[in-house]
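Undergrad: Need coordinates for the following:
(chains A and B)
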Amino acid sequence: DGGITQSPKYLFRKEGQNVTLSCEQNLNHDAMYWYRQDPGQGLRLIYYSQIVNDFQKGDIAEGYSVSREKKESFPLTVTSAQKNPTAFYLCASSSRGATSSGANVLTFGAGSRLTVL
Amino acid sequence: QKEVEQNSGPLSVPEGAIASLNCTYSDRGSQSFFWYRQYSGKSPELIMFIYSNGDKEDGRFTAQLNKASQYVSLLIRDSQPSDSATYLCAVRGSQGNLIFGKGTKLSVKP
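TA: Numbers count the residues shown, from 1 in each chain, chains lettered A, B, ... in the order given. Have a look, this model is predicted:
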């Protein structure tokens, strides 16, 4: 079955540690996204990538880094510079399309919940 | 900066009733609109998308778009307890990303 796999599902981080969240998709989608969700809040865009070896900052990129070395993979690193990293992290992907059709439908992974100890 | 506004709720309806969820957006040039459902602790799942003025129906769900009023709504007919979730409205951004509202929590009482 095609889909998006995020790991780990739960992650605990100590102060000053960097942690990396994995996101892998087998949907052959070009675009991939990382969102952050805090309790009672909507999804906020951290980083996105429309093509391999290229990525762009979203609205809240500070304290995060990404890479896109393969089409299938878009890992997110939460660095020690992110002062409030406790949140639910969601990876998503979509096929690229210039039309207003469902080409921009985002498919989400199951999410990774990060807690700072 | 595009913005999407939703009433956070909770919206409580009895089983079998019609639930009406509303969303407004700030960018008049927005073209595509999406409704996602998110159960507590889970990731969002797509219900439907709409990009033309008027209504779009899929089973018990109807999305309504009024671009002149910058207003999108989602109607759920014959609401079931299993429909209890948070409903997220989203607008497509200029880079293909989606811009989300904060969501409306729906509670369907048996």
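Undergrad: Below-threshold pLDDT in the chain: ranges please.
TA: I'll assume chain A. Under the criterion pLDDT under 70, the flagged ranges of chain A are A:1, A:96-103.
Undergrad: and if we set it to 80?
TA: Confidence mapping of chain A against pLDDT under 80 gives the ranges A:1-2, A:40, A:96-104.
Undergrad: Would you map the strands across it?
TA: A:4-7, A:10-13, A:19-25, A:31-37, A:43-51, A:54-57, A:64-66, A:76-78, A:87-94, A:107-108, A:112-116 (DSSP state E).
Undergrad: In terms of secondary structure, what does the fifth one contact?
TA: Looking back up the chat, that one is strand A:43-51. Packing partners of strand A:43-51 (3 or more CB pairs under 8 Å, 6 or more residues apart in numbering or on different chains; DSSP states H and E): strand A:31-37, strand A:54-57, strand A:64-66, strand B:98-100. C-beta: built from backbone N, CA, C; applies to glycine.
Undergrad: Please give me every residue in contact with the closest residue in space to B:Glu3 that isn't next to it in sequence.
TA: Setting aside the residues directly before and after it, B:Glu3 is nearest to B:Ser26 in space (CB to CB, 6 or more residues apart in numbering or on different chains), at 4.2 Å. By CB atoms under 8 Å, 6 or more residues apart in numbering or on different chains, B:Ser26 lies in contact with B:1-5, B:70.
Undergrad: So what sits opposite the spatially most central residue of chain A in the bridge?
TA: For chain A, the residue nearest the mean C-alpha position is A:Trp34 (2.4 Å; CA atoms, centre = their mean). Beta-bridge partners recorded for A:Trp34 (DSSP bridges): A:Tyr47, A:Cys91.
Undergrad: give the contact list for it.
TA: Residues near A:Trp34 by CB under 8 Å, 6+ apart: A:23, A:45-48, A:58, A:64, A:66, A:74, A:76, A:89-92.
Undergrad: same thing but 6 Å
TA: The neighbourhood of A:Trp34, defined by CB atoms under 6 Å, 6 or more residues apart in numbering or on different chains, consists of A:46-47, A:76, A:91.
Undergrad: Likewise for A:Ala81?
TA: By CB under 6 Å, 6+ apart, the residues touching A:Ala81 are A:Gly63.
Undergrad: From chain B, how far out is it?
TA: Distance, A:Ala81 to chain B, by CB to the nearest CB, to the nearest Å: 23 Å.
Undergrad: Just put the helices and strands packed on strand A:43-51 in JSON lines and tack on distance to A:Asn104.
TA: Below are the helices and strands packed on strand A:43-51 laid out as JSON lines (distance: least, CB to CB, whole Å):
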{"stretch": "strand A:31-37", "distance to A:Asn104": "8"}
{"stretch": "strand A:54-57", "distance to A:Asn104": "15"}
{"stretch": "strand A:64-66", "distance to A:Asn104": "20"}
{"stretch": "strand B:98-100", "distance to A:Asn104": "7"}
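Undergrad: what's the closest of those to B:Ser79?
TA: Comparison of these against B:Ser79 by CB to CB identifies strand B:98-100 as nearest, at 22.7 Å.
Undergrad: packing partners for that closest one?
TA: Packing partners of strand B:98-100 (3 or more CB pairs under 6 Å, 6 or more residues apart in numbering or on different chains; DSSP states H and E): strand B:85-92.
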